[in-house]
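J.: okay, here's the prediction I keep looking at, along with the sequence it came from:
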Amino acid sequence: DTAVSQTPKYLVTQMGNDKSIKCEQNLGHDTMYWYKQDSKKFLKIMFSYNNKELIINETVPNRFSPKSPDKAHLNLHINSLELGDSAVYFCASIGTGGANTEAFFGQGTRLTVV
Amino acid sequence: GENVEQHPSTLSVQEGDSAVIKCTYSDSASNYFPWYKQELGKRPQLIIDIRSNVGEKKDQRIAVTLNKTAKHFSLHITETQPEDSAVYFCAATFTGTASKLTFGTGTRLQVTL
């Protein structure tokens, strides 16, 4: 069973379009993240949710809107896509208690805006 | 907020040699320091971690050391093999509800034959 799964794996779209990426985890974790990995491989945190509540928003443009319908799901919707949004987006989940602190990543979504 | 610096950005070693990657962090409240390995086109995966109550941890060819006073931690890989070639990320966080896993900028390790 895949612990953290995100879809789609690849997304090619035109500038100005709106797109969504979905993420689901079956680990029972309370905390989920969205990270953006650019062409230089930097992993930058975008959002963190704990039990469906937004905890961290790292000054991401408000064209990016995360949604957590329940603690197992964290989706990312992007409006009015721009060329600079091209990157790999990783979803991750982490436990917050005791020894349960490993972050598990989804397989990534490679977004290409043309 | 936490800031994690990582050096070097690229590292090339010959098979069988050792590799060392160093990180520094800024937030003294951070108490958990994982290391992730990311192979080309794959997701980052945890290879080893250390908590602030421990100075050193070893797992076969991989070891991590932590100096809380200096806010430094390092990854040591001995007897490197070609399959160790990947991008390695250090990270730091304070474990808890509002934990924010902050990553270093990554080190591309190339193990040559």
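T.: Okay, I see it.

J.: paired strands for the one helix or strand in chain A whose mean pLDDT sits lowest, with orientation please.
T.: Among the helices and strands of chain A, strand A:53-57 carries the lowest confidence by mean pLDDT, DSSP states H and E, at a mean of 86. When pairing is defined by DSSP bridges, strand A:53-57 lines up against strand A:43-50 (antiparallel).

J.: which residues touch the strand it pairs with?
T.: A:30-38, A:54-58, A:60, A:64, A:66, A:68, A:71, A:74, A:76, A:90, A:96, B:44, B:89, B:97-103, B:106 (Cβ atoms under 8 Å, 6 or more residues apart in numbering or on different chains). (Glycine included, C-beta is placed from N, CA and C.)

J.: so where do the strands sit in chain A?
T.: A:4-7, A:10-13, A:19-25, A:31-37, A:43-50, A:53-57, A:64-70, A:73-78, A:87-94, A:103-105, A:109-113 (DSSP state E).

J.: buried residues in the second one?
T.: Put plainly, it is strand A:10-13. For strand A:10-13, a neighbour-count test (16 or more other Cβ atoms under 10 Å in any protein chain shown) marks A:L11, A:T13 as buried.

J.: mind giving me the packing neighbours of it?
T.: strand A:19-25, strand A:109-113 (3 or more Cβ pairs under 8 Å, 6 or more residues apart in numbering or on different chains; DSSP states H and E).
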